[in-house]
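Asker: Using only what follows, build the 3D model:
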Amino acid sequence: QMQLVESGGGLVQPGGSLNISCAVSGWGLDHFLVGWFRQVPGKERERVSCMGVDGATYYIDSVKGRFTISRDNARNTHYLQMDSLKYEDTAVYYCAIDASTGRIEKLCVESNFEFWGRGTQVTVSS
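Answerer: Numbers count the residues shown, from 1 in each chain. Here you go, the predicted structure:
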């Protein structure tokens with residue numbers, strides 16, 4: 001049974017950094033597209049970043065240059081390094097994986113992902 005568990009969220013000041021991780025069990029991560037999404041109360045969940053099995057990446061414009069997605073297939077874990085955090089980055093962050101392949105910008109949508117974690121809260125506040 002596939003299980004995804006996020007960790008590393010917390011409270012950080014504006015301009016600070018956090019590295020959130022997603023540990024995957026139940027199958028080898030090397031065959032899966034990985035992604036990060038976020039949601040604030042009252043709004044729909046939005047995509048943040050994705051990485052394909054070939055290493056191709058996608059980021060939404062608001063996090064480009066500040067966030068970095070990565071994966072460690074040997075550890076069955078993927079990560080989202082978040083730097084220069086802003087108030088508007090406050091959200092619950094969810095990791096997801098899926099076995100689909102193709103163009104990363106088309107794959108990186110919520111409806112494409114089959115397996116999800118339960119989320120980790122990231123709060124940017126002074």
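Asker: alpha carbons only for contacts and neighbour counts from here, please
Answerer: Will do.
Asker: In contact with the closest residue to Cys95 other than its chain neighbours, which residues?
Answerer: In space, and not counting its chain neighbours, Cys95 is closest to Trp36: 4.6 Å by Cα to Cα, 6 or more residues apart in numbering. By Cα atoms under 8 Å, 6 or more residues apart in numbering, the contact set of Trp36 is 47-50, 80, 93-96.
Asker: Tell me which helix or strand comes right after the host helix or strand of Trp36.
Answerer: Taking DSSP states H and E as the definition, Trp36 sits inside strand 33-39. Per DSSP H and E, the first helix or strand lying C-terminal to strand 33-39 is strand 46-51.
Asker: I'd like to know which elements that next one is packed against.
Answerer: Other helices and strands packing on strand 46-51, by 3 or more Cα pairs under 8 Å, 6 or more residues apart in numbering; DSSP states H and E, are strand 33-39, strand 57-59, strand 67-72.
Asker: can you pull out the helices in this protein?
Answerer: Counting by DSSP state H, the chain has helices at residues 104-107.
Asker: what sits up against stretch 76-89?
Answerer: By Cα under 8 Å, 6+ apart, stretch 76-89 touches 13-25, 28-30, 34, 36, 66-72, 122-125.
Asker: Ends of that stretch, what's the gap?
Answerer: 26 Å (Cα to Cα, to the nearest Å).
Asker: And for stretch 60-75?
Answerer: Length of stretch 60-75, first residue to last, Cα to Cα: 26 Å.
Asker: same deal with stretch 82-93?
Answerer: With Cα to Cα applied, stretch 82-93 spans 11 Å between its terminal residues.
Asker: Let me see the contact set for Ile97.
Answerer: So Ile97 contacts 32-35, 113-116 (Cα under 8 Å, 6+ apart).
Asker: ok so, going back, now the helices and strands packed on strand 46-51 in a markdown table, with distance to Gln1 and mean pLDDT?
Answerer: As requested, those are arranged in a markdown table below (distance: least, Cα to Cα, whole Å; pLDDT from 0 to 100):
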| stretch | distance to Gln1 | mean pLDDT |
| --- | --- | --- |
| strand 33-39 | 17 | 98 |
| strand 57-59 | 27 | 98 |
| strand 67-72 | 20 | 97 |
